[in-house]
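Chemist: Quick one, structure for this:
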Amino acid sequence: MTELPHTRTRTAHWLATAAALAAVLGGTALLRPATASPAPTGTDPAPDPARAHYPLDCGRGAAKPEVLDTASADFDGDGATETVAVVRCRAHGGTPPSAVYVLAGSTAGRSPRLAATLVEQREGMSVQDLGVRGTTVSATLLGYSSADVPRCCPDRRRKVKWEWREGKFALRPGPVAGGGLRV
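Modeler: Residues are numbered from 1 along each chain as shown. Now for the predicted structure:
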């Protein structure tokens, strides 16, 4: 039986396949969704949000803060990476309000310090879709139009961004979906 010329593999075929595979893998490494956290650019490790002390009022008992989401970047360009953390008290029912903190100063044996508060617990909001792109933090804030709305089911939604400008985060709110959420 004779072998067809186009069914034989040659070195050129393997090189072309390897080049195509390298191009695909290289391209996917460069592409990220808009909400993905960029690779931290600072030389210091990002602060560990599990080691931070948060100023949350979780009441008495075993209710402790829990970190729901994080993202990291070097916002101020000083070579040290900061961590943004969405935190709330643990609860057995309902949806407790969230807070958003920026952590800095992760040194060995020390807890990170709170560098900024973007959303306070007392504002009564839940936070979703945390993302960092460059020096901008984005999130979706969920809130309630009145005390009669069950805490499981927010009826207000607003996308917000905090841009690092002139040494602090400046809030840039988006339009309100459902109306009335004040940020």
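
Chemist: where exactly do the strands run in the chain?
Modeler: Under the criterion DSSP state E, strands of the chain are mapped to 65-73, 82-89, 98-104, 113-119, 126-133, 136-143, 156-165, 168-177.

Chemist: Where in this structure is the helix or strand with the lowest mean pLDDT?
Modeler: helix 11-30 (a mean of 46; mean pLDDT, DSSP states H and E).

Chemist: which stretch in the strands of the chain has the least confidence?
Modeler: Across the strands of the chain, strand 168-177 has the smallest mean pLDDT, namely a mean of 82.

Chemist: Pairing partners for that one, with directions?
Modeler: Here strand 168-177 is paired, per DSSP bridges, with strand 156-165 (antiparallel).

Chemist: Could you list the buried residues of the partner strand?
Modeler: Buried residues in strand 156-165, defined by neighbour count with 16 or more other CB atoms under 10 Å: 156-162, 164. Where C-beta positions appear, they are placed from N, C-alpha and C, glycine not excepted.

Chemist: Now distance to T81 too, for those, in JSON lines please.
Modeler: JSON lines is the format used below for those (distance: CB to CB, whole Å):
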{"residue": "R156", "distance to T81": "33"}
{"residue": "R157", "distance to T81": "30"}
{"residue": "R158", "distance to T81": "28"}
{"residue": "K159", "distance to T81": "25"}
{"residue": "V160", "distance to T81": "22"}
{"residue": "K161", "distance to T81": "20"}
{"residue": "W162", "distance to T81": "17"}
{"residue": "W164", "distance to T81": "13"}
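
Chemist: out of those residues, who's nearest V67?
Modeler: Set against V67, the nearest of the buried residues of strand 156-165 by CB to CB is W162 (18.4 Å).

Chemist: Can you give me the neighbour number for the residue nearest to that closest one when sequence neighbours are not counted?
Modeler: Spatial nearest neighbour of W162, excluding adjacent residues (CB to CB, 6 or more residues apart in numbering): F169 at 4.0 Å. Counted with other CB atoms under 10 Å, residues neighbouring F169 total 21.

Chemist: and what of the one 5 residues further on?
Modeler: The criterion is other CB under 10 Å. On that basis, G174 has 14 neighbouring residues.

Chemist: Give me the distance between it and Q121.
Modeler: Taking CB to CB, to the nearest Å as the measure, G174 falls 22 Å from Q121.
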